[in-house]
Structure formats: C-alpha cells, structure tokens
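[1] Here's a sequence, model it:
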Amino acid sequence: MGHDAGVAVVHDGVIRALVERERHTRVKHAGISTIEDIELALADAGATLDEVDCVAVSGTQNWPFIFYDSDAFRFDFAPDLDGPLGVPAPLRDGVRAHMRYLANTRRQFAEMIAIRFQTRRDFAHLAARPVDASAPGFDFHGTREFPIYPQVWDRNLSLRALRDISPEDLRKGIAPWIEAKTFHLPIAVRLRDRVVPGVLLSHHTAHAASAFYQSDRDDAAILTTDGGVNRNQFGHSGGLFCLGRGNRIYPLLPNFLTSGNMYMRVGRYLQLDRGEGAPGKLMGLAPYGRPRYFDPDLVGNVYDNPALIFPTADGADGPQFMASAEALIAQAHRRMREAGLDVSEPSAETKLSRFSKDLAATTQKLFEEQGLLATLTLFELARKLGQPSLNLAISGGCALNCPFNSRVWREGPFETVFAPPSCDDSGLAIGSALYLSHHVLDLPRQPQGAETSTSAYLGRRHGSESVERALREAGSDLVVTPVGDAAQDAGRALADDALVAWFEGRSEIGPRALGHRSILADPRRQENWERVNRVKKREAWRPFAPAVLEERAAEWFQGAPLPSPFMLFTAQVRSNRLPAITHVDGSARIQTVSADCGGFRRVIEAFDRETGVPVVMNTSFNGPGEPIVETPQDAVRFFRQSELDRLYFDGFRVERRGGGPTTGPRP
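    Down below sits the predicted model:
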C-alpha cells in the first residue's frame, strides 16, 4: 500500500495474479492500493470479493496506510481476533499498546501525508481524488515496522558485533519470537459489504517471504535490504536478517544497513535521476570508472562507523539518514583535492566526467563490500543458532543490483543465491500473501518455478479480443498483417536488423522485461546499443541485457549462476560477437530462456537458425519515466510514436504504412 503498490491473489499457495498499480495508472511507482486494484486482481485470477478468505497487508517502511474510500476498503486493528490470524493472549496487551502508540502519532502521519501529496510523483495519478484528510471517505492508519521489539534489537550492533554475539544472547533475544511464531498484527479488513480477517506485516517481513517462498528451497538464510531509513521513531526499516525453515520465517536481527540509501543518494547527487531511477543508472555508470575513493573504514552498517552517528534531540545517539552517502561524497572530494584536481558540482552535462564515473565505481564497490560482510554475518548467525544453510534468498530493492548478486554467488559462503523477479516493492503483495498462506495458516508450499522465467509471467491477462480491438483501432497509418508464425517472422526480422517490439500473453512482474513486454534487437551490431537507447530516449551510455537460450548460455557467458531467468545476475561475455550487449567491463545482465517460455523462446530459436547466435538484445517495452507497457493499446500507442520497425502480437505483425523494417547487410 506504499509506493509500487500492488495486489496479489494466492489460492492454496499458488500465485494466481499480481496487479501492479503503476501498469494501469501509467505512473511509475504509483502508490496506494484501492478497492479497484483489488477487484482488478481478483477478476484476473477468476475470483470475486465473496471468495476472499483472508487478507495480508504490507506497505512502504514507515509510510501511513491511506484509504480513499474507507466504506469500500480499509482495515482496522483487531487485537482480540481468535484463530491462527490472532496473536497469543500474552501478546495482546502489547498489540493494544502498539495501537495506542500509532493513535498518538496520528498528527505526525497527517503531516507526512500532506508533504507526500505535494512532492511525490507516484501520487500524481490520485490528483482527481480528495487529498484533504478531512474529506469524506478519506482515512489512514499510522505504521511501525514491528509491534514487538526483542531486547536484543535495541542494542544497536555493528555487523562485526553481530557476528561476535554469543549464541546464548542470540537465542535469548529472539526466543519470544520463535515461541510465539507471531510477527504480525491482526486486522479486520472491509471489502465493500464484507469484513474478513487479516494480518498486517512489516515491510521487510514481506520482502523476506517473497524471497524465501518463491525460492523453492526448504531452508534458506534471508537477507533483505533497500533504501529505507535505518531506524527512527517508527521502527527498523533498513533491512533484516531472517531464517526460513519449511513453512516458517523467523526474523533474527535488523542488519542496520544503509547501503541502499547510500546508493540512491549518490545517484541523485550525480543528477542521474531525481527519483527512483537513480540506482539503476548508477549501476550502469559504475563500470566506466575506477573505485578511486574507496575507504575500507566505511564498510559495515551504520554502527560500524562512528562518523555516521549523531546526537538526537533527547541526547541519545542515532544514525543519520544521509550520513553514509555524505561521508562517501566527502571522501571523494577530499581525495580529489589532495590530488590537485578540480571538483565541480555534478550536472546533467557532466555526469560522465571522470569524477562522476569514479564516484559511481566507488559507490558500487562499497555497496558490494558492505553486502558481502552482511552475508558473512548472516551465515555466522545461522550457524550459531544450529541452523546453518547453504542457500541464500535476497530481496528488497538492493537485490536489483546484479553485480552484487553475482559477487555474493561467487565469493560468499552460500552455494545458491536466489532473488525473485519482483524483489523490489512490487513483490510485497506476493510476499504478504504467501506469508499468510504458509507461516500463519500452515498451508503446504507449492512449487513456484524458481528456475524459469515463466514464474514471472503473473501479470494481467489480455485475451485475443483485446488484441484485435487494439489493432482495429490502430489507425490508417499502421498496417496490420496476419502471420502464421509470428516468432519465426520476428526472428528473421531481427536477423535483418529490424528493431522489434514483442507483446505476448500475461505481463511479467517486477521492473525487468523478461520477454512478454520487450523491445528486441540484433546483439551482433555495435550500433544497436546507441540506436535502441535513442528509441527509448535513454542516455547513450546505458547498457542492455542479453536473453539467451538456457541450454546454450554456458557457451556464451560465464561467472553467473545458471540458469538465471530473471535478469538479476551479471555474467562475463565469452564472445566478441555480441558488442551491443557487452558492457565496457565485459559484463552483461543475463537472462536465460527455458524451453517452456513460449513465443519469446521461439523468437530466439528463429534468430539462432538465421544467424547461429542464440542470443537477442532484450530491453523493456516503455519510454523514459513510464512503466512497462501493459495493454495492447499501450503497445500500439508506444509503437506509433517510436522509431521501432515492427510490433508483434500473437499471429499479427504491425508496421507503418509505406515503411518496412530497417535492413542492412548481415554481420
């Protein structure tokens, strides 16, 4: 219910649908789920409000839960709820105290809401709705990450101290959690004319559940981390160390990491993007530089470095929100001055300056070193509890950092590393529903398809009638041609150097295009790197990803776990025949495509038959600052205003009247 809002429908442990609000509002990172989103997701899953048994809710760290039509959808705390969704009697007084605390902070949350309406683009789609907290139907609840805090959580431990904690102290600190098996608040949820029981989960519990339950592993150590505040009066929100065992997830300790916040703030400082796009651009910029400003003293969490602690109003010490980014930037400036070099403020024109490149490379290295130390700490904590695991599941926005994921797989203590396709906040709804299904209700776990891209094709369904309607409305400037084998036709067009948009079936979940809403190009042509960036109106230096036939991946790439179906690991390119997808450091953000991936798989097979190369360039089907296209109408609209050569739906090819694909001599 925060930014990247969404609704998942899970039936007996099987994910039936995920509706991401941004896809149909067309506002990137759109916030606040509504009754309309719920009904849209249920309809896509073939269900109705009357069939809902229970509801799980999560949100963005420390954001209030906002209801625009509280008569149709809202929740209220239900401390006396009985049954598996309730809490044990000894904990109910704590839940009531938590409710009183949130009531006392209502004014602060009201002020937060007012600020967010004024400043955040992800609320722009709600402009037609009332934004006044006094308006009829408008209501909200405050939030805090966890209703109960074990004493050990308040010890403000560095990563090094966390590794050194005694097994006795660790067990004693988390014993109440393990015994109670309760990490949620019971709620009663209004869905129009019904009220059903539910649970309210912390942000990072939902992240942990999203990673663990989709990993198809019986046991795993779980690391969550993102760009949240490390800790404030509303609770811990930088990330968690957890353990997953069978149906259960156990939060161990906050990890107090500031890595995600640091990464985002440095990206914004370099003016790569003013919003949520800064981390992705910083990751792409880093290979152009060298980590000249790296300081090992900055490695660790917020409590490893005294420079990141400042006195609060009540005289206590607390972590500073932006201190890790500020410390790194100050270090870079100091070393530049020591070298006698000029340091000017970054601007849109100088983002590829030597300073910008090297600061990006330094930030990436620091991010990786902090993450590696965190995974070693987590491994040691699990060992001390007598529950070691060789499986790591990671989630939170930081899991989108492919070089980090790959380095943990290569150098960390774990044999397997898994991140779900919607590891960012777009997957919180799935994590919440799976947590309720398995941890709370103890329903049997179901295979989720952790090793194939098909497990990401959970977005909305758009049947043939929707495609045909969009094509009828396409307009006289476009030519629609029925083709018997669209995949074969598209593969041949790619071999002839056409830029192809491919639209197939249900949309993929998460921020990475995985072949159902994709722009494709020939990876053998160096000029396609700049050409596709021009089509997408992106910076010319930003890299692209390869999609490769799964069984051929090891011939063309190395240094990443295989299969790698979600474009979340970086591999080294083994061939010089793929310049359009090979980054300046020889890396590529790989996606393996298995035999069950439908038409997209057949496109790559057709391209392979034409060229002998089982790889295509794959990037998201969207323009700058907008979500991936969702509907056939979205696809036609984008194609019309773009420089793409062809658009394919199942059985149809769309071209501009009077112009065919761009062709040239084959490499």
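[2] Mind telling me which residue is nearest the centre of the chain?
    With distances taken as Cα atoms, centre = their mean, D424 lies nearest the centre of the chain, 1.8 Å away.
[3] if I look at that residue, how far off is V408?
    From D424 over to V408 the distance is 18 Å, taken as Cβ to Cβ, to the nearest Å. Quick note: C-beta positions are derived from backbone N, CA and C, even for glycine.
[4] just D226 next, same as before
    16 Å.
[5] ditto for E550
    In this view, E550 and V408 are 22 Å apart by Cβ to Cβ.
[6] Can you name the element that comes right after the helix or strand bottoming out on mean pLDDT in the chain?
    Sorting the helices and strands of the chain by mean pLDDT, DSSP states H and E puts strand 317-319 at the bottom, at a mean of 48. Using DSSP states H and E, the helix or strand that follows strand 317-319 in sequence is helix 323-338.
[7] in that next one, what counts as buried?
    323-329, 331-332, 335-336 (16 or more other Cβ atoms under 10 Å).
[8] So of these, which two are at opposite extremes in space?
    By the measure Cβ to Cβ, A323 and M336 form the most distant pair in the buried residues of helix 323-338, at 20.2 Å.
[9] which SS class is V7?
    strand (DSSP: H, G, I helix; E, B strand; the rest coil).
[10] give me the number of residues near it?
    Other residues within reach of V7, judged by other Cβ atoms under 10 Å, total 26.
[11] Equivalent analysis for R16, please.
    Neighbourhood size, R16 [other Cβ under 10 Å]: 17.
[12] ok, and the closest non-adjacent residue to it?
    Nearest residue to R16 in three dimensions, chain neighbours excluded: A45, at 3.7 Å (Cβ to Cβ, 6 or more residues apart in numbering).
[13] again, but for L272
    Among residues not flanking L272 along the chain, K281 sits closest, at 4.0 Å (Cβ to Cβ, 6+ apart).
[14] Helix or strand: which one has that neighbour?
    Element membership for K281 (DSSP H and E) is helix 278-285.
[15] what's the spacing between that helix and its chain's center?
    14 Å (Cα atoms, centre = their mean, to the nearest Å).
[16] Go ahead and name everything in contact with that helix.
    Residues outside helix 278-285 that contact it (Cβ atoms under 8 Å, 6 or more residues apart in numbering) are 227, 260, 263-264, 266-268, 270, 272-273, 351-352, 356-357, 360, 363-364, 397, 400-403, 539, 541-543, 583.
[17] The residues you listed in helices, which ones?
    Among those, the members found in helices (DSSP state H) are 260, 263-264, 266-268, 356-357, 360, 363-364, 402-403.
[18] Low-confidence ranges, the protein, go.
    116-137, 147-149, 151, 154, 173, 175-181, 228-237, 306-322, 341-351, 659-667 (pLDDT under 70).
[19] can you list the domains in it?
    Domains of the chain are assigned by automatic domain parsing as 1-146+183-201+421-450, 161-180+213-419, 464-656.
[20] out of the ones you listed, nearest to Y457?
    Y457 lies closest to domain 464-656 among these, at 4.7 Å (Cβ to Cβ).
[21] got the end-to-end distance for that closest one?
    End-to-end span of domain 464-656 (Cα to Cα, to the nearest Å): 22 Å.
[22] Check stretch 575-585 too.
    For stretch 575-585, the end-to-end distance is 13 Å (Cα to Cα).
[23] Same question for stretch 583-602.
    Using Cα to Cα, one end of stretch 583-602 lies 26 Å from the other.
[24] just to revisit the earlier point, ok, of the buried residues of helix 323-338, which one's closest to L252?
    Once Cβ to Cβ is applied, the member of those that ends up nearest L252 is S324, at 22.6 Å.
[25] Was I right to think the closest one contacts V302?
    Yes - with contacts counted by Cβ atoms under 8 Å, S324 reaches V302, the gap being 6.9 Å.
[26] Helix or strand for A188, just tell me which one.
    According to DSSP H and E, A188 maps onto strand 184-191.
[27] what distance separates that strand from the centre of its chain?
    The chain centroid and the centroid of strand 184-191 are separated by 25 Å under Cα atoms, centre = their mean.
[28] And stretch 271-286, by the same measure?
    Mean C-alpha position of stretch 271-286 versus that of the full chain (Cα atoms, centre = their mean) differs by 15 Å.
[29] Kindly format the C-alpha coordinates of that stretch as CSV.
    Once non-C-alpha atoms are left out, stretch 271-286 reads as follows in CSV (Å, rounded to 0.1, in the frame of the first residue of the first chain):
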residue,chain,number,x,y,z
GLN,A,271,21.9,14.0,-11.0
LEU,A,272,21.5,10.7,-12.8
ASP,A,273,17.8,10.8,-11.8
ARG,A,274,15.8,12.8,-9.3
GLY,A,275,13.7,9.8,-8.3
GLU,A,276,13.7,6.0,-8.1
GLY,A,277,15.7,5.6,-11.3
ALA,A,278,19.0,6.8,-9.8
PRO,A,279,20.2,3.4,-8.5
GLY,A,280,19.7,1.7,-11.9
LYS,A,281,21.6,4.4,-13.7
LEU,A,282,24.4,4.4,-11.2
MET,A,283,24.8,0.7,-11.6
GLY,A,284,25.2,1.2,-15.4
LEU,A,285,27.7,4.1,-14.9
ALA,A,286,30.0,2.3,-12.4
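[30] Now do the strands in the stretch 301-450 of the chain.
    309-311, 317-319, 391-395, 416-418 (DSSP state E, counting those that start in this stretch).
[31] need the strands for the stretch 51-200 of the chain, in chain order.
    Using DSSP E, counting those that start in this stretch, strands in the stretch 51-200 of the chain cover 55-57, 65-67, 73-77, 139-141, 184-191, 194-201.
[32] Could you do the stretch 451-600 of the chain as well?
    So, for the stretch 451-600 of the chain - with DSSP E, counting those that start in this stretch - the strands run 478-482, 500-503, 517-521, 545-549, 557-558, 569-573, 587-593.
[33] who's in contact with the residue lying closest to V266 once chain neighbours are set aside?
    Spatial nearest neighbour of V266, chain neighbours left out: T363 (4.7 Å); criterion: Cβ to Cβ, 6+ apart. By Cβ under 8 Å, 6+ apart, the residues touching T363 are 262-263, 266-267, 282, 286, 328.
[34] What of E473?
    Residues in contact with E473, defined by Cβ under 8 Å, 6+ apart, are 633, 636.
[35] Next: I430.
    8, 10, 15, 18, 210, 214, 420, 422, 509.
[36] Skipping adjacent residues, who's closest to it in space?
    A8 (4.5 Å).
[37] What's the end-to-end length of stretch 190-208?
    Taking Cα to Cα, the first and last residues of stretch 190-208 lie 26 Å apart.
[38] A554 and G284: what is the separation?
    Plainly put, A554 is 25 Å away from G284 if you go by Cβ to Cβ.
[39] Comparing these two, which residue is more hemmed in?
    Between A554 and G284, counted using other Cβ under 10 Å, the more crowded position is G284 (20 against 14).
[40] follow-up on the earlier one: could I get the buried residues of helix 323-338 as CSV with distance to G651?
    Shown next, in CSV, are the buried residues of helix 323-338 (distance: Cβ to Cβ, whole Å):
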residue, distance to G651
A323, 56
S324, 52
A325, 50
E326, 55
A327, 57
L328, 53
I329, 53
Q331, 57
A332, 54
R335, 59
M336, 58
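[41] residue ranges of the helices in the stretch 1-150 of the chain, please?
    Under the criterion DSSP state H, counting those that start in this stretch, helices of the stretch 1-150 of the chain are mapped to 21-25, 35-44, 89-104, 106-119.
[42] closest to R656 out of those helices?
    Of the helices of the stretch 1-150 of the chain, nearest to R656 by Cβ to Cβ is helix 21-25, at 26.0 Å.
[43] still on that earlier bit, skip the chain neighbours and tell me the closest residue to the residue nearest to the centre of the chain.
    G397 is the one closest to D424 (Cβ to Cβ, 6+ apart), at 4.7 Å.
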